[in-house]
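[1] this is the structure alone, sequence omitted:
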């Protein structure tokens, strides 16, 4: 069965600090897809990134970077030089091949203080 | 504007009443989903649909009914609302082209059952 664990329920940092959000997944499938979503205080869910299991290259987009490690079944998300606007709940999700649905983690609330 | 919309955005209803939440997408995505979001539970899938007239149960389908007569619409009906159905409901859609499957979410409907 597929499962996503986001062990950090809440993280508080001060602006300009770097912060890493952890995501650990479980799957028996060899082909799968991992996702990160952001839910700011306004409530909408925003898609951030998708990563395929056969592509372990790390991804960087501005201050955001993602570290995918199959050996530890992790897909961690790092925000460099955090800003107040990064305050949100972040969800990690998994989709196994052959399935159309996503399994979401419970989310990590990130609070960035000025 | 293109995208995915939900109506109403806020709804207060009484126990036992029937309520229908609407979801409309303009991308012609094949898949559509309904989730509920509750504190401590993250996002839980209620129902999903692979195409018009094809629907399937998710993790928490009891008390809900869906239909999909047109690709762009996916209404969710609470046949007899209960207080435990007080929640924020999100509709999402996704396409399977290229195996992406990332889901794009509507703005949500906050439902209160009194």
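    Here it is on my side, so go on. Only a predicted model underlies this, so the values are computations on that prediction, with no experimental measurement involved. Numbers count the residues shown, from 1 in each chain, chains lettered A, B, ... in the order given.
[2] could you use CA atoms for every contact and neighbour count after this?
    Will do.
[3] can you name the residue of chain B nearest chain A?
    Closest to chain A within chain B is residue B:42: 4.5 Å, counting by CA to the nearest CA.
[4] the lowest-mean-pLDDT helix or strand in chain A pairs with which strands?
    Every helix and strand in chain A was compared by mean pLDDT, DSSP states H and E; the lowest is strand A:59-61, with a mean of 86. Applying DSSP bridges, strand A:59-61 is found paired with strand A:64-69 (antiparallel).
[5] strands of chain B, start to end?
    All strands of chain B, identified by DSSP state E, fall at B:4-7, B:10-13, B:19-25, B:31-38, B:42-51, B:54-57, B:64-66, B:76-78, B:87-94, B:103-105, B:109-113.
[6] still on that earlier bit, got a list of what the residue of chain B closest to chain A touches?
    A:104-107 (CA atoms under 8 Å, 6 or more residues apart in numbering or on different chains).
[7] ok, back up a step: could the strands of chain B be laid out in a markdown table, adding mean pLDDT?
    Output for those, formatted as a markdown table (pLDDT from 0 to 100):
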| stretch | mean pLDDT |
| --- | --- |
| strand B:4-7 | 96 |
| strand B:10-13 | 98 |
| strand B:19-25 | 97 |
| strand B:31-38 | 96 |
| strand B:42-51 | 94 |
| strand B:54-57 | 95 |
| strand B:64-66 | 97 |
| strand B:76-78 | 98 |
| strand B:87-94 | 96 |
| strand B:103-105 | 94 |
| strand B:109-113 | 97 |
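[8] these: which one's closest to residue A:16?
    Closest to residue A:16 of the strands of chain B is strand B:42-51 (CA to CA; 27.9 Å).
[9] adjacent strands (with direction) for that closest one?
    Partners of strand B:42-51, by DSSP bridges, with direction: strand B:31-38 (antiparallel), strand B:54-57 (antiparallel).
[10] which one, of the ones you listed, ends up nearest to residue A:87?
    Each of these has some distance to residue A:87 by CA to CA; the shortest is strand B:31-38, at 18.6 Å.
[11] okay, the angle between the closest one and strand B:19-25?
    Counting by axes from the mean of the first three to the mean of the last three CA atoms, to 10 degrees, strand B:31-38 points 130 degrees away from the direction of strand B:19-25.
[12] list the buried residues of strand B:31-38.
    Going by neighbour count (16 or more other CA atoms under 10 Å in any protein chain shown), the buried part of strand B:31-38 is B:31-37.
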